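1. Here is my input, please return the structure:
(one chain, ligands or ions: 1)
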Amino acid sequence: MAIQTINPFTNSVVESYEEMPPEAVKAIISIADEAFQHWRKTAFSERAALLHKVAKLMRAQSDQLARLITLEMGKLLAQSKGEITLSADIIDYYADHGETFLKDQPLNPTFGEAYIKSTPIGVLLGVEPWNFPFYQVARFAAPNIMAGNVVLVKHASNVPQCALAIERLFREAGAPIGVYTNLFLSGSRVDEVVADVRIKGVALTGSEAAGASIAAAAGKALKKSVLELGGSDAFIVLADADIEQAVHWAVIGRMNNTGQCCVAAKRIIVVEEIAEEFLNKFKAKLTGLKVGDPMEPQTELGPLSSQGAADQLIDQVKRSVDAGAKVLLGGNLIDRDGAFIEATIISDIKPGMAAYQEELFGPVAAFYRVKDEQAAIELANDSPFGLGGSIFTQDIEKGKRLAEQIDTGMVFINHPTWTQADLPFGGTKRSGYGRELSSLGIQEFVNKKLIRVSKLTDPF
Ligand code: NAP
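-> Next up is the predicted model:
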C-alpha cells in the first residue's frame, strides 16, 4: 500500500512518502535497542516528565493536529479536536499513575520473603490503524514508554502526516533518540520487523486479517502479541428503556467518526414492544444529516476514510440486500466528489448474510427486532466478534445481570461502548486479546519478575 495522504473529501493525493528500505529499518531497530539500554534505567520521574511535555505540546498544537487528522482520514473537525484532547489525557494519565501501577508487589509466601518487580522488556512494535490516528498511538506508546520500554510505530499508510507529527512531538519534548520512532513501512513488511530478535513484543490495532498475520509472525518468533481487532457491538434497547435517551445514544454510537469505530453500535437490537417507536425516532434523526466538508463546523456527515472503504461498505450492503435484507434508509454512495455514503439502516438481516457476520465499518446500522431480552442476549452473542456492547434499561440491576451474559470484553449500561484513560479496553473471540488503557494496559509488556529471599535455615 502506498504511503500517501489522500484527502477523502476530494479523493485527491496531497502528499506521498517513500517506504523505508530494509537496511534503514534495521538501523532504526539498532538505534532503538541502544536507546532501551539507557531508557530502562531512567527514573519514573524522568519518563513522566517527558510524557507530560508531549501531552502539553499536543494540547498547544491541538488545532493544527486536528486538521491533519481531518485532512488524512475525513473525521469531522470537532471530533478530531476531541481525539487530540483524549490522547493528551491518556499520556498524562500514564505519566501520573504509571509508577504506582508498576510498583513492587509484595507476596505472602508460606515462609521467607518474596515480591514481584515489573521490569521493561525492550523494543516494542506498535502497528496502528487510521481511524483514531492519535488516540491509538497514545494508548500504546504512553504506557510502554512509562514502563521503560522504547517503541517503534508503524502507522496506517493513509495517515503518514499524523505519524510524522506524533514523532515530532516526542522530539520537541526532548525524547532521547530511539525512544519513539516512526516506521514508514507497508503492512506486508511488518513480519520482517516482528522476526527481528531485538523486537520483544508487538501490539496491533486493526483488522482480523492483520491480527492473524501478526500473531502468526509473533508466535513463530516466540514473542508476545496484543491484538485489538474489529467488533460488531450490540446496542440492546429493552422495553423499560428511556427511548429518547436510547435514540440519542444510538445515533452517536453508530455515527461517531462516521461509523468507523471498532466499538461503534453496529447492531441495534430492540425488543418488539418499542421497536417501531425507536426505529421511527432513530430514522428521523439520521435522515437529513448535513453532508459536507469535514473541516466545516456545520457538517454532520463527512466522508469515509477512503473511496475503497466506501465501496467496500456499499458492497456489504448490496450483498446483504441480494440475500434478502431490506434497506430502510440510504444504502447508496452519495453522488458527489469524495468517499461519501448515505446514513443507512438495514433490517431483516438473517444468519449467513454479510451484515450478520461481518463488521460494517461506516454509517450503516443493522437493525433487529427481538421478542424479549433473552432473545436480545442470544442475538448479541451470535457474533464472531466480542469487543463491546451496551444495554439500555432503567433497571440497573437487570442491566448488570444481562451484561454478565454478554460474551465481550466490555459492556456499558445506558451508554454506547466508550473509552477513557482509566478504563480497560479490549475484546475476546475474534476481537483479539490483551488490554490497553487503565492499570491493565501497562502490564502487557513488562516482565513480572519474582525476587525471592531465602534464609539458609528455610526448608526446601
Ligand atoms: P488494517 O487494514 O488491519 O490496518 C491496521 C494496521 O495494520 C495498518 O497499519 C496496516 O498497514 C497494518 N496491516 C495491514 N495488513 C497487515 C498485515 N498483513 N500484517 C501486518 N500489518 C498489517 O485495519 P484498518 O482498516 O486500518 O483499521 C480498521 C480495523 O481496525 C477495523 O476492523 C476496526 O474495528 C479495527 N480497530 C480495532 C480497535 C480495537 O481497539 N479493538 C480500535 C480501532 C480499530 P497498512 O495501512 O500499510 O496496510
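
2. the helices in the stretch 101-250 of the chain, which residues?
-> Using DSSP state H, counting those that start in this stretch, the helices of the stretch 101-250 of the chain run over residues 135-146, 160-172, 190-195, 208-220, 243-255.

3. deepest of the ones you listed, which one?
-> Of all those, helix 135-146 carries the top mean neighbour count, a mean of 27, counting by mean count of other CB atoms under 10 Å. Placement of C-beta: from N, CA and C, glycine included.

4. still on that earlier bit, mind putting the helices of the stretch 101-250 of the chain into TSV with mean pLDDT and distance to the ligand?
-> Output for the helices of the stretch 101-250 of the chain, formatted as TSV (pLDDT from 0 to 100; distance: least, CB to the nearest ligand atom, whole Å):
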stretch	mean pLDDT	distance to the ligand
helix 135-146	98	6
helix 160-172	98	9
helix 190-195	97	4
helix 208-220	98	3
helix 243-255	98	14
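
5. Tell me which of those lies nearest to Thr344.
-> Among the helices of the stretch 101-250 of the chain, the nearest to Thr344 by CB to CB is helix 243-255 (9.8 Å).

6. Could you tell me which residues of the stretch 1-150 of the chain lie near the ligand?
-> Applying CB under 6 Å from any ligand atom, we find that the stretch 1-150 of the chain lies next to the ligand at Met1, Val127, Glu128, Pro129, Trp130, Asn131.

7. Now the two most distant members of those residues.
-> Met1 and Asn131 (15.5 Å).

8. Those two: who's more crowded?
-> Taking other CB atoms under 10 Å, Met1 and Asn131 do not tie; Asn131 has more neighbours (24 against 11).

9. Give the full set of residues in contact with the nearest residue to the more buried one once chain neighbours are set aside.
-> Counting by CB to CB, 6 or more residues apart in numbering, Gln260 is the residue found nearest to Asn131 once chain neighbours are left out, at 4.7 Å. With contacts defined as CB atoms under 8 Å, 6 or more residues apart in numbering, the neighbours of Gln260 are Asn131, Leu304, Ser305, Ala309, Phe361, Gly362.

10. Relative to Ile341, how far out is Gln260?
-> According to CB to CB, to the nearest Å, Gln260 stands 11 Å off from Ile341.

11. which residues do the two both contact?
-> The contact sets of Gln260 and Ile341 overlap at Leu304, Gly362 (CB under 8 Å, 6+ apart).

12. Show me what the helix or strand hosting Phe282 is packed up against.
-> Phe282 is part of helix 272-286, with elements assigned from DSSP states H and E. Identification of packing neighbours for helix 272-286 by 3 or more CB pairs under 8 Å, 6 or more residues apart in numbering; DSSP states H and E yields helix 243-255, strand 267-271, strand 326-329, strand 344-347, strand 364-370.

13. at 6 Å what do you get?
-> Helices and strands touching helix 272-286, by 3 or more CB pairs under 6 Å, 6 or more residues apart in numbering; DSSP states H and E, are helix 243-255.

14. Off-centre distance for the helix it packs on?
-> Relative to its chain's centre, helix 243-255 lies at 21 Å (CA atoms, centre = their mean, to the nearest Å).

15. Can you check what angle separates that helix from helix 272-286?
-> Helix 243-255 and helix 272-286 meet at an angle of 60 degrees, taking axes from the mean of the first three to the mean of the last three CA atoms, to 10 degrees as the criterion.
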